[in-house]
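In: For reference, the sequence and a predicted model appear below.
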Amino acid sequence: MTDREPVEARDLDIYGAGELAWESVRDALVAALPKMETAAFLGTVRPDGRPHSAGIGPQWRDGDIFFVSGPGTRKSRNLAANPACTLSIRTPTGDVVLEGTAERVTDPAVLEPVAAGYREGGWPARVDGDAFTAPFSAQSAGPPPWHVYRFTFRTVVALSTVEPFGATRWSFET
C-alpha cells in the first residue's frame, strides 16, 4: 500500500498554533518506528469489554504499519475476537495516537519485506510458513511462531511537543 492522505483534518489546539502538517507527523512516524527505543503501545479490547495495553515494536513499511504477536498472547486473542485497536507512539516531535483495526497477514510476498525490515532493525526474524521465527523475541511474546499483523488506521491524533506545537486530528478513508 502507498501512504494514504487524510480526507479531513481538525485543529485541536486551544492556543492558536494552527493545524499540524500531516506530512510532518507521518515523517516522524516513519523515522521513529524502526527504532527499538521508540515507545509504542497497542490497545485492544478483551472479550468482556475491559481494555488491554501492550508494548510492541511496530514498523512503517510502504504506507502500512506492521507488528508481531504470539498467537497465545492476550493481544492476539483480543484481536481475534475484535480487530478494533489503537496504537500510541511517542516520537521525537510529539505523541501520536492511531485508531483502526489490525488483521493477520499470511501472504509470503508481504511477510518477507516485513521480516527484512525487522532484520534491518536488529531482530533476526525470518519467515516460517505464514509467521515469523527468530532465536529470540520480547520476554512476553511467548514461543515462536509469531503472527504478523497489519494495522490500518482510520483516525490519527497528534500532539506536537516541539515548535510549532499544536494538536490535530485527521480522518482517513479505509
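Out: In hand now; what should we look at?

In: hey, which strand is longest across this structure?
Out: strand 147-160 (DSSP state E).

In: Now that one: buried residues?
Out: By neighbour count on 16 or more other C-beta atoms under 10 Å, the buried set for strand 147-160 is 147, 148, 149, 150, 151, 152, 153, 156, 157, 158, 159, 160. (Glycine included, C-beta is placed from N, CA and C.)

In: now do stretch 157-174
Out: By neighbour count on 16+ other C-beta under 10 Å, the buried set for stretch 157-174 is 157, 158, 159, 160, 166, 167, 168, 169, 170, 172.

In: got the contact list for the fourth one?
Out: For residue 160, the contact set (C-beta atoms under 8 Å, 6 or more residues apart in numbering) comprises 17, 20, 93, 94, 166, 167.

In: now for the strand or helix carrying residue 31, which elements pack on it?
Out: Using DSSP states H and E, residue 31 sits within helix 22-32. Packed against helix 22-32, as judged by 3 or more C-beta pairs under 8 Å, 6 or more residues apart in numbering; DSSP states H and E, are the following elements: strand 84-91, strand 94-105, strand 147-160, strand 167-171.

In: continuing past that helix, what's the next helix or strand?
Out: strand 40-45.

In: ok, that next one: who's next to it in the sheet?
Out: strand 51-55 (antiparallel), strand 84-91 (antiparallel) (DSSP bridges).

In: now it against strand 147-160, angle please.
Out: Using axes from the mean of the first three to the mean of the last three C-alpha atoms, to 10 degrees, the inter-axis angle of strand 40-45 relative to strand 147-160 is 110 degrees.

In: residues in contact with strand 40-45?
Out: Under C-beta under 8 Å, 6+ apart, the answer for strand 40-45 is 33, 51-58, 67, 74-75, 78-79, 81-82, 84-90, 102.

In: are any of the residues you listed buried, and which?
Out: Buried, going by 16+ other C-beta under 10 Å: 33, 54, 56-58, 67, 75, 78-79, 85-89, 102, out of the contacts of strand 40-45.

In: Among the residues you listed, name the least confidently predicted one.
Out: Here the lowest pLDDT out of these sits on residue 33, with 89.

In: how near is it to residue 135?
Out: 23 Å (C-beta to C-beta, to the nearest Å).
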